[in-house]
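> Sequence first, then the predicted structure:
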Amino acid sequence: VGNLASAIGSRPEEAAIVAQLREGSEEAFAWLIAKYHQPIFSLVYRTIPNPQDAADLTQEVFIKVFRGIGKFNGEASLRTWIYRIALHESSNQRRWWSRHRQQEITIETEIANSDEGDGLSLKDTLMDAAESPFEMAAHTEVAQRVEAELRMVPEPYRTVVLLRDIEGFAYEEIADILKTNLGTVKSRLMRGRAQLKQRLKPYMEAASRRPPSAAPGVLRLEEAQ
Amino acid sequence: MSACGKTREAFSSYLDGALSGREMQATAAHLERCEECAAEFSEWRQMHEALYRLGPAKAPADLALRLRIAVSKERGFVGRTPCSHLCCSSQRDWSARCC
């Protein structure tokens, strides 16, 4: 497994790694975990209703990979197969959530964490008549806002946006992971991005009206250009 | 569809450079002469930039270790013959089983 880190890239090399995974090589699984635990966690974190479950669900994904590697037939790449398992687990979690937990979500439910550890509630993401977008922007860091608004983009659009704009997959790879066609990928991506843009618009406008020195660390999307 | 409508339909692919050369040129040319579409595309670009800057959600520092332990436990279980004890069949955590 010495050169595993640079190995995946061609089918014969991947086949060699898969063979070692099938044999139950501890080293091969250690490599697999090192390579994929971060991106899989990130994807799961943003595609399930309660991000606090992301670590547990990531563990489920890798257990499924371990159990299922014997049935991996190589039709898709190893990466594609792992992402499919992750998205399947996320989808199951969303279904479970909608059946059992949705009614428990209150307007105070935390949906993201700030750097200071303070929760960002659903309430914070909604437009408040008492607080202008300008004022809201002044109290919110860009990452928190984008994270929260991204979470509000419905499926299946959000997953495609995540795969493209966070994970950097090509359209063809996304189509392969989702077992759909290119046209559907492009259409979902366009709709997901359009919804996110629309959701972020008030904050972008607020940020553009704000003097650059008014409040360090607040939303300044215009400045990012 | 109007020229503006057609251009806006292409914004997502234009961001990715996923249009044909001719379509890229046509979109760029339209944005040069249409202020409204240029402003709209500026919002798309800002959204895209914000998303890019967001980056991946950071995994807990101990997650990789935790996963290795979980897979290791699973490997240990796979090698064993399941017993017929009721307590074992009802417990999900293999490490907590009686045998």
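Looks like it came in fine. Numbering: from 1, shown residues only, chains lettered A, B, ... in the order given.
> Apart from its neighbours in sequence, what residue is nearest the residue nearest the centre of chain B?
What sits nearest the mean C-alpha location of chain B, by C-alpha atoms, centre = their mean, is B:Pro56, with 8.3 Å. Nearest non-adjacent residue to B:Pro56, counting by C-beta to C-beta, 6 or more residues apart in numbering or on different chains: A:Ser42, 3.7 Å away. Yep, even glycine has a C-beta here, placed from its N, CA and C like the rest.
> cool, and B:Ala26?
Spatially, and ignoring its direct neighbours in sequence, B:Ala26 is nearest to B:Thr7 (7.8 Å; C-beta to C-beta, 6+ apart).
> and that neighbour, how many neighbours?
Neighbour count of B:Thr7, defined by other C-beta atoms under 10 Å in any protein chain shown: 23.
> all strands of chain A, in order?
A:110-113, A:119-121 (DSSP state E).
> related to what we said a few turns ago, list the contacts for the residue nearest to B:Ala26?
B:Ala26, B:Thr27, B:His30, B:Leu31, B:Cys34, B:Cys37 (C-beta atoms under 8 Å, 6 or more residues apart in numbering or on different chains).
> ok, back up a step: does the residue nearest to the centre of chain B sit in a helix or strand, and which one?
Assessed by DSSP states H and E, B:Pro56 sits outside every helix and strand.
> what's the neighbour count on A:Leu196?
With other C-beta under 10 Å as criterion, A:Leu196 counts 24.
> And it, how far from chain B?
In this view, A:Leu196 and chain B are 6 Å apart by C-beta to the nearest C-beta, to the nearest Å.
> unless I'm mixing things up, that residue is touching A:Val160, no?
No: the criterion here is C-beta atoms under 8 Å, and A:Leu196 misses it with A:Val160 at 11.4 Å.
> returning to what we had before: right, and the residue nearest to B:Pro56 touches B:Ala57 too?
Yes: between A:Ser42 and B:Ala57 there is a contact at 4.3 Å, judged by C-beta under 8 Å.
> mind listing the helices for chain B?
B:3-9, B:11-16, B:21-33, B:35-54, B:63-78, B:86-89 (DSSP state H).
> In a markdown table, list these along with mean pLDDT and distance to A:Tyr171.
Formatted as a markdown table, these follow (pLDDT from 0 to 100; distance: least, C-beta to C-beta, whole Å):
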| stretch | mean pLDDT | distance to A:Tyr171 |
| --- | --- | --- |
| helix B:3-9 | 93 | 16 |
| helix B:11-16 | 96 | 8 |
| helix B:21-33 | 95 | 15 |
| helix B:35-54 | 93 | 15 |
| helix B:63-78 | 88 | 29 |
| helix B:86-89 | 47 | 46 |
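> right, and those - which one's nearest A:Arg151?
Closest approach to A:Arg151 among the helices of chain B (C-beta to C-beta): helix B:35-54, 11.4 Å.
> Specify the angle between that closest one and helix B:21-33 in degrees.
Relative orientation of helix B:35-54 versus helix B:21-33 (axes from the mean of the first three to the mean of the last three C-alpha atoms, to 10 degrees): 110 degrees.
> hmm, helix B:35-54 in reach of chain A?
Yes: judged by C-beta under 8 Å from any C-beta of the partner chain, helix B:35-54 and chain A are in contact via B:42-54.
> who touches the residue nearest to B:Ala50 when sequence neighbours are not counted in this structure?
For B:Ala50, ignoring the flanking residues on the chain, the nearest one in space by C-beta to C-beta, 6+ apart is A:Val146 at 4.8 Å. Shown in contact with A:Val146 (C-beta under 8 Å, 6+ apart): A:Leu196, A:Leu200, B:Ala50, B:Leu51, B:Arg53, B:Leu54.
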